[in-house]
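Asker: Sequence first, predicted model second:
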Amino acid sequence: MERRTKIIAIANQKGGVGKTTTVVNLAAALSARKRAVLVVDLDPQAHATLGLGLEKQQGVSLYPVLLGEKPIEDVIQPTKWNNLNIIPSEVDLAGAELEFGMREDRLEMIRNALAPVYESGAFDYIILDCPPSLGIVMTSSLVASDGVLIPIQAEFLAMDGLALITGSIERIRQSVNPSLDLNGIVFTMVNSQAKLTHDVMEEVRNHFGDKVYETTIPRNVRVSEAPSMGTPVVFLEPRSKGAESYKAFAWEFMAKNPTRFDAPARVAEPATQDAADEPVKADNAVASDNVAEAVADSSAENSVAAQES
C-alpha cells in the first residue's frame, strides 16, 4: 500500500503545556491503529525518549547525523511496541544552538537529515518533539515539517503564546517552507470545572476556527504518572480518562492527516477501542531491521542520483 509520509512538528515556545506528553501518546495511539510512526526527540531533556521506555545514550540521537558522523538509519531505535520507533535525544543536542548556528544549511539541516527516512516511505508519520524555545533546532524542525501541532493550556495569556508561535510559522512559510501549515491546536490539561478554561477555549476557537481540534485532553493523574513508568498512558492505563482522550484525539488527527492513498476522507471512531491496548510485539526487532534497510536503500539511491547529476 502506498503511503505519503507526513512530518508533523509538535511545538510550543512555552514549556509545561503537555507538548511531550502529546508527542508520546499521539504516537502510541497512532501506532496501535496500524500506522507506522517515527518519533524524533529533539528536546535535550529527552523526555519523549524516557516516556517511550528508552534510556539516553551518547551518540544515539539526530546529533551525530547532523554532524555527518552517522547515517540516520543507525540511530532509529525500536520501542517495545509494534509500529513505533524513535530517534532518541541526548544532552549533546543542548549545544546544537551554538554549534550549528553558523552553518550555511542550518535552516535545512533537519530536513536534509530526515530526507532518507521521508523518501523511504517506511513511516506514515514522523513526529518531531521540538525544544521549547525558538532557536536553530526548532526553526530547522519547522522548515522540515508539513505541519505544526500546537498543544496549549486553556489559561491566561494563552492567546499571547499562540501569537508568538503562529507568527514564527508564518515567517517560515513566507521565507523558507511555503508548504508549512498550522496543522492544529489541541487543548491539554483541561480543567472542565473552571470558567476561565471555557472562556479561553471559546476565544481560541473563535479566532482559529477549525484549526482547533474538537478533542480536548483533561488534567488526569494517570497521564501525569505514566512517564515515570516509561510507558504511554494509552498502553499503561488504557481505560483512564486521559488515555481515552488521547485515543479519540488520534482518530481525529488521522482523519485530518490521512497518509494512505485509500484512506477515507473521515475516519469513523469505533464503538470500542480495544485495539489501542495492543500488546508488545516479539518481532519488533525484525520490523526495526526492515525499517533500517528501507531507509538505507533510500539513502543509497539518493547518493547515486546526486553523483549522476
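Answerer: Good, I have the coordinates. Numbers count the residues shown, from 1 in each chain.

Asker: Which parts of this protein are helices?
Answerer: Assigned by DSSP state H, the helices in the chain fall at 19-32, 47-51, 63-66, 96-99, 109-120, 136-144, 158-175, 195-208, 221-225, 233-236, 241-256, 284-308.

Asker: Pipe these into CSV and attach mean pLDDT, distance to Ile8 and mean neighbour count per row.
Answerer: (C-beta placed from N, C-alpha, C; glycine too.) Formatted as CSV, the helices of the chain follow (pLDDT from 0 to 100; distance: least, C-beta to C-beta, whole Å; neighbours: other C-beta atoms under 10 Å):
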stretch, mean pLDDT, distance to Ile8, mean neighbour count
helix 19-32, 97, 9, 27
helix 47-51, 97, 14, 24
helix 63-66, 95, 19, 22
helix 96-99, 83, 21, 16
helix 109-120, 96, 12, 21
helix 136-144, 95, 10, 24
helix 158-175, 91, 13, 15
helix 195-208, 94, 17, 14
helix 221-225, 93, 20, 17
helix 233-236, 96, 18, 26
helix 241-256, 96, 9, 22
helix 284-308, 60, 18, 14
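
Asker: Not counting its neighbours along the chain, what's nearest Asn177?
Answerer: Leaving aside its chain neighbours, Asn177 sits nearest to Val143 (4.9 Å; criterion: C-beta to C-beta, 6 or more residues apart in numbering).

Asker: From start to finish, how long is stretch 115-131 in a straight line?
Answerer: 21 Å (C-alpha to C-alpha, to the nearest Å).

Asker: now that stretch, how far from the chain's geometric center?
Answerer: 9 Å (C-alpha atoms, centre = their mean, to the nearest Å).

Asker: Adding distance to Ile87 as columns, could you present the helices of the chain in TSV?
Answerer: Below are the helices of the chain laid out as TSV (distance: least, C-beta to C-beta, whole Å):
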stretch	distance to Ile87
helix 19-32	12
helix 47-51	9
helix 63-66	8
helix 96-99	14
helix 109-120	9
helix 136-144	12
helix 158-175	22
helix 195-208	30
helix 221-225	24
helix 233-236	20
helix 241-256	21
helix 284-308	11
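
Asker: Ok, which of those comes nearest Ile150?
Answerer: When the helices of the chain are compared by C-beta to C-beta, helix 158-175 sits nearest Ile150, at 6.0 Å.

Asker: Leu182: which of the helices of the chain is closest?
Answerer: Of the helices of the chain, nearest to Leu182 by C-beta to C-beta is helix 158-175, at 5.8 Å.

Asker: The residue nearest to Asp92 when sequence neighbours are not counted: what's it in contact with?
Answerer: Once flanking residues are discounted, Asp92 sits nearest to Tyr63: 4.9 Å by C-beta to C-beta, 6+ apart. Counting by C-beta atoms under 8 Å, 6 or more residues apart in numbering, Tyr63 makes contact with Glu90, Asp92, Leu93, Ala96.

Asker: From Ala194, how far out is the closest residue to Ala96 other than its chain neighbours?
Answerer: Closest residue to Ala96 apart from its sequence neighbours, by C-beta to C-beta, 6+ apart: Val137 at 5.4 Å. With distances taken as C-beta to C-beta, to the nearest Å, Val137 is found 34 Å from Ala194.

Asker: now Met138
Answerer: 30 Å.

Asker: Cys130 too?
Answerer: The spacing between Cys130 and Ala194, counted by C-beta to C-beta, is 28 Å.

Asker: Please name the residues that touch the residue most central in space within the chain.
Answerer: With distances taken as C-alpha atoms, centre = their mean, Ile127 lies nearest the centre of the chain, 2.5 Å away. Applying C-beta under 8 Å, 6+ apart to Ile127 gives the contacts Ile8, Ile10, Val23, Leu26, Ala27, Val37, Leu38, Val39, Val40.

Asker: now do 7 Å
Answerer: Ile8, Ile10, Val23, Leu26, Ala27, Val37, Val39 (C-beta atoms under 7 Å, 6 or more residues apart in numbering).

Asker: What residues are bridge-paired with the last one?
Answerer: It refers to Val39. Ile86, Ile127 (DSSP bridges).

Asker: confidence score at the residue nearest to the centre of the chain?
Answerer: Per-residue pLDDT puts Ile127 at 98.

Asker: same check, this time on Ile8
Answerer: 98.

Asker: gap between it and Leu66?
Answerer: Distance from Ile8 to Leu66, by C-beta to C-beta: 20 Å.

Asker: What of Leu180?
Answerer: 20 Å.

Asker: again with Val186
Answerer: For Val186 relative to Leu66 (C-beta to C-beta), the value is 29 Å.
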